[in-house]
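S.K.: here's my sequence, what's the structure:
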Amino acid sequence: MSMHQLPPAALKGEGMTSQRARDRLAAQLRESGIRDPRVIDVIRNVPRHHFIDQALHSRAYENTALPIGHGQTISQPWVVARMTEALLEHFDARKEKPGRVLEIGTGSGYQAVVLAALVEQVYTVERIEELLRQARRRFRQLGLANIRSRYDDGKLGWADEAPFDAIILTAAGDTIPSRILEQLSPTGVLVAPVGSPSSQVLIRLRGDGQGDFAQEELGAVSFVPLLGGIG
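M.R.: Numbering: from 1, shown residues only. Sure, this is the predicted structure:
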């Protein structure tokens, strides 16, 4: 979905899932420090209610994480916006356009769809087969052609398609798995939560092209744990 491609009419919603509800969420994001208008516009237009169970539709445009089954959640919109913004800032500073992005942890597919509106190609890996099946259906219904998905252990990344211009993790481990970091371009950017369940921080690693990565802390967050294997 490009910046100019709105979701099909059937996904636009009404009542608590209407455009008015999305506009309120966009305003909240601006008030809470999200500055990039591209990110705010995409989150305003992506039908978040399409990524959760119908029983939760009335809460789709609240700025909160919601359960999606299998012990997983759809991330809080502010967190999705901040991670996406942090990724884009790296390319803006280099006066480059974001190209190929790897996402570890497809979940509902929401973060992948937000990214797909702003980068050339998204590669997303999910270890829970049922979640990936549902996400793939959503990608098809939204008519997205620039998302590729894989059922696999996310800790392994997607080596066949490396290197990536950017990598984003939607689950937290104590450290960034070395197999994933090895798949990042020397001038790329990685955005991920790191830490224990009780104390996590969002970090950004930015490559200098010489093999070194500068690390920044972007604030406290709360994510599900990064697990290995497939389920």
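S.K.: list the contacts of the closest residue in space to residue 23 that isn't next to it in sequence.
M.R.: Once flanking residues are discounted, residue 23 sits nearest to residue 44: 6.5 Å by CB to CB, 6 or more residues apart in numbering. Yep, even glycine has a C-beta here, placed from its N, CA and C like the rest. By CB atoms under 8 Å, 6 or more residues apart in numbering, the residues touching residue 44 are 22-23, 25-26.
S.K.: just confirm residue 44 is within a strand.
M.R.: No: Residue 44 is assigned helix when assessed by DSSP: H, G, I helix; E, B strand; the rest coil, not a strand.
S.K.: quick one on the thing from earlier: and the contacts of residue 44 as a markdown table, adding pLDDT, secondary structure and neighbour count?
M.R.: A markdown table is the format used below for the contacts of residue 44 (pLDDT from 0 to 100; DSSP: H, G, I helix; E, B strand; the rest coil; neighbours: other CB atoms under 10 Å):
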| residue | pLDDT | secondary structure | neighbour count |
| --- | --- | --- | --- |
| 22 | 94 | helix | 22 |
| 23 | 94 | helix | 12 |
| 25 | 97 | helix | 19 |
| 26 | 97 | helix | 22 |
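S.K.: of these, closest to residue 211?
M.R.: Using CB to CB, residue 26 is the member of the contacts of residue 44 that sits closest to residue 211, with 39.4 Å.
S.K.: quick one, grab the pLDDT at the closest residue to residue 75 other than its chain neighbours.
M.R.: For residue 75, ignoring the flanking residues on the chain, the nearest one in space by CB to CB, 6+ apart is residue 65 at 5.7 Å. According to the prediction, residue 65 has pLDDT 95.
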